[in-house]
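>>> Please find the sequence and the predicted model below.
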Amino acid sequence: MSESLRYTMPAMLGASFRRFAGRDALAFAGQPAESYAAVERGIGAVTALLQRAGICRGDRVAILGHNMPNWAKAYFGTTCLGAVAVPLLPDFHSDEIGNIAAHAQARALFITQSLGRRLAEVDTSGLDLIVRIDDFAIVKSPVPGLAFDPEAAPAAVLPEVREDELAAIVYTSGTTGRSKGVMLSHRNICWNAQQSRLIQPVDAHDRFLSILPLSHTYENTLGLVLPLLCGASVHYLTKPPTSAVLLPALQAVRPTTILSVPLVIEKIYRNRVLPVLHRNFVTRLLYRFPLARRALHRIAGNSLMATFGGQLRFFGIGGAKLDPGVDRFLHEARFPYAIGYGLTETAPLVAGSAPFATRVGAVGPRLPGLAVELRDLNPRTGEGEVWVRGPSVMQGYFKEPGLSAEVLTPDGWFRTGDLGAFDSQGNLAIRGRLKNVIVGASGENIYPEDIEALINSFRYVVESIVVQQKGRLVAMVHLNREELEQRYQDLRDGVEKRVDELLRELKARVNARLNRFSQLQRVVSWPEPFQKTPTQKIKRFLYQEPAV
């Protein structure tokens with residue numbers, strides 16, 4: 001990148017549009033793509049629409065919609081005007097949408113037609129402009145007769161956007177409850193996207209298949225801004241990524257790059273890979289021997305590559321901790337996976353590696369240009385809280401100076417709240433959230449994420465959460481009831497008796513692999529999936545014992 005190019009959306013995208021004008025940019029999977037030149041015109045038309053509606057620099061513009069090319073045009077049309085995008089997750093409840101729009105003082109809203117019913121329960125009196133993303137039709141306008149003109153250009157030469165100006169306010173729905181508005185500047189986002197190329201190069205021949213919400217910073221920065229800076233194309237699904245939708249899309253797009261959360265690949269491993277590896281006595285026997293297991297993993301890895309279209313060279317995993325068993329499988333299968341660590345507050349990437357440099361159980365080295373340190377280091381374990389400083393650290397939480405001061409130091413360090421450790425080669429490994437650590441009766445630190453990973457490796461377990469209740473460690477376990485019912489439908493005493501036996505067996509086998517102070521006192525069946533954040537982390541605060 002030229003030293004004179006500024007870290008702003010207009011500057012960096014403008015250079016990309018000029019360089020790659022005729023190349024494919026955005027598309028629905030299996031459908032013709034819009035070129036970079038066409039996308040640039042669309043962004044300009046959105047900016048012109050906002051101008052005619054009286055939206056000015058610094059105004060907040062909410063975006064509530066499913067992934068599609070027009071989502072990107074709404075986002076960039078807003079930020080190139082100097083206004084502030086407020087991406088909202090499609091899964092947000094009507095109450096959350098209303099509260100966030102009011103808190104952000106949004107003046108405009110772009111919304112997907114299929115989500116329009118959510119507005120019926122939202123006070124929209126503060127919104128001057130409401131636009132349907134699907135076709136940019138006007139739903140509500142402060143200007144009579146206002147209509148979207150796809151050939152329109154901004155009314156005047158736009159003032160230059162500064163690097164430190166707000167580009168987006170991203171409201172997180174975290175594992176600890178209260179949503180906070182993370183303020184990210186143009187520099188935060190553009191710098192992080194640009195530096196990520198130093199870990200995994202991206203070029204004009206890359207094809208991204210987008211399966212995560214664009215309203216999440218992980219997908220937004222690394223799955224939208226990054227590929228458009230490099231001339232790559234991005235392809236979107238027309239429906240949620242179920243197997244029936246995803247598998248044909250993979251064959252149609254044959255992506256080179258996919259960004260995912262652990263839950264996606266963990267489901268594929270448990271539902272498609274393990275049953276094949278354990279389908280007969282011979283493979284089950286061979287699987288016990290490391291050399292044979294690695295060979296079986298290689299065969300399964302080749303099949304998995306074919307399922308993903310055969311051209312995949314980067315499968316990025318982030319947003320939560322990857323199950324150790326799945327980590328080992330992907331490594332031994334020589335699947336082109338890489339694990340990243342980041343947060344919304346760091347726009348997002350902090351550390352990561354390229355495929356085939358990934359180390360089992362670790363994330364990778366820090367992103368070049370970021371300072372990453374461990375504070376309050378435990379000399380015995382080498383673990384400490386991960387602190388980050390650099391150009392992609394947020395400006396703070398919107399309208400929350402107190403909360404901002406709790407995590408941002410006067411000299412620019414961001415306290416992540418995550419426990420981590422570095423190995424001898426500088427690779428960062430994340431142990432878990434500081435707030436999640438359970439202190440045992442004798443003061444020992446117990447990491448529930450490690451126990452949960454062990455529980456989740458057992459057959460029939462879909463997911464689990466370990467909490468402390470009245471001084472005792474309790475594991476809540478969500479089992480695959482459908483599989484159990486199919487297997488034990490002929491049992492005289494029914495499935496429930498087998499569930500009780502499985503939980504007792506699970507408790508004994510897990511405790512046999514845990515140290516004394518991490519032993520589970522109870523293992524209980526949880527009847528339904530746990531509620532989760534957008535990155536599929538369980539919302540722990542919903543299941544923990546209330547503080548006295």
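Perfect, I can see it now. Bear in mind that the values here come from a model prediction, so they are computed numbers and not experimental data. Numbers count the residues shown, from 1 in each chain.

>>> Domain ranges for this structure, per the record?
As assigned by automatic domain parsing, the chain contains the domains 9-200, 257-310+312-390+411-435, 437-542.

>>> where along the stretch 251-400 of the chain do the strands fall?
Secondary structure of the stretch 251-400 of the chain (DSSP state E, counting those that start in this stretch): strands at 257-260, 314-317, 337-342, 349-352, 371-375, 384-389, 396-397.

>>> returning to what we had before: with mean pLDDT, distance to Tyr218 and mean neighbour count added, can I get the domains of the chain in a markdown table?
(Each C-beta comes from the backbone N, C-alpha and C, glycine too.) Converted to a markdown table, the domains of the chain look like this (pLDDT from 0 to 100; distance: least, CB to CB, whole Å; neighbours: other CB atoms under 10 Å):
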| stretch | mean pLDDT | distance to Tyr218 | mean neighbour count |
| --- | --- | --- | --- |
| domain 9-200 | 94 | 10 | 19 |
| domain 257-310+312-390+411-435 | 93 | 5 | 18 |
| domain 437-542 | 84 | 7 | 16 |
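
>>> Give me the phi and psi for Thr202.
I think there's a mix-up here, since residue 202 is Val and not Thr. phi -130, psi 140 (degrees, to the nearest 10).

>>> List the residues that contact the closest residue to it other than its chain neighbours.
Nearest in space to Val202, with sequence neighbours left out and distances taken as CB to CB, 6 or more residues apart in numbering, is Cys230 at 4.1 Å. Cys230 makes contact with 16, 197, 202-204, 206, according to CB atoms under 8 Å, 6 or more residues apart in numbering.

>>> How about Glu151?
By CB under 8 Å, 6+ apart, Glu151 lies in contact with 41, 45.

>>> Of the domains of the chain, which is nearest Tyr236?
Closest to Tyr236 of the domains of the chain is domain 9-200 (CB to CB; 4.6 Å).

>>> roughly how far apart are Phe148 and Ala25?
Going from Phe148 to Ala25 by CB to CB, to the nearest Å gives 20 Å.

>>> again, but for Val264
25 Å.

>>> The closest residue to Val474 other than its chain neighbours: what's it in contact with?
Computed as CB to CB, 6+ apart, the closest residue to Val474 that is not its neighbour in sequence is Arg522, at 4.5 Å. By CB under 8 Å, 6+ apart, Arg522 lies in contact with 469, 472-475, 507.

>>> how much space between Arg522 and Gly471?
Distance, Arg522 to Gly471, by CB to CB: 12 Å.

>>> One more: Val276?
Counting by CB to CB - Val276 and Gly471 are separated by 43 Å.

>>> mind checking which of the domains of the chain is nearest His235?
Distance to His235, taken as CB to CB, is lowest for domain 9-200 among the domains of the chain, at 4.7 Å.

>>> now the closest one, how far from the centre of its chain.
Its chain's average C-alpha position is 19 Å from that of domain 9-200, according to CA atoms, centre = their mean, to the nearest Å.

>>> can you check stretch 7-16 too?
Centroid separation for stretch 7-16 versus its chain: 24 Å, with CA atoms, centre = their mean.

>>> can you check stretch 409-422 too?
20 Å.

>>> Any chance you could list what contacts it?
For stretch 409-422, the surrounding residues in contact (CB under 8 Å, 6+ apart) are 341, 343, 345-346, 350, 373-375, 381-389, 393-394, 406-408, 428-435, 437, 447.

>>> Which residue is the nearest non-sequential neighbour of Val499?
Nearest to Val499 is Ser525, by CB to CB, 6+ apart, at 5.8 Å.

>>> correct me, but the one you found touches Val477?
Yes. The pair Ser525 and Val477 passes the contact test of CB atoms under 8 Å, sitting 6.0 Å apart.
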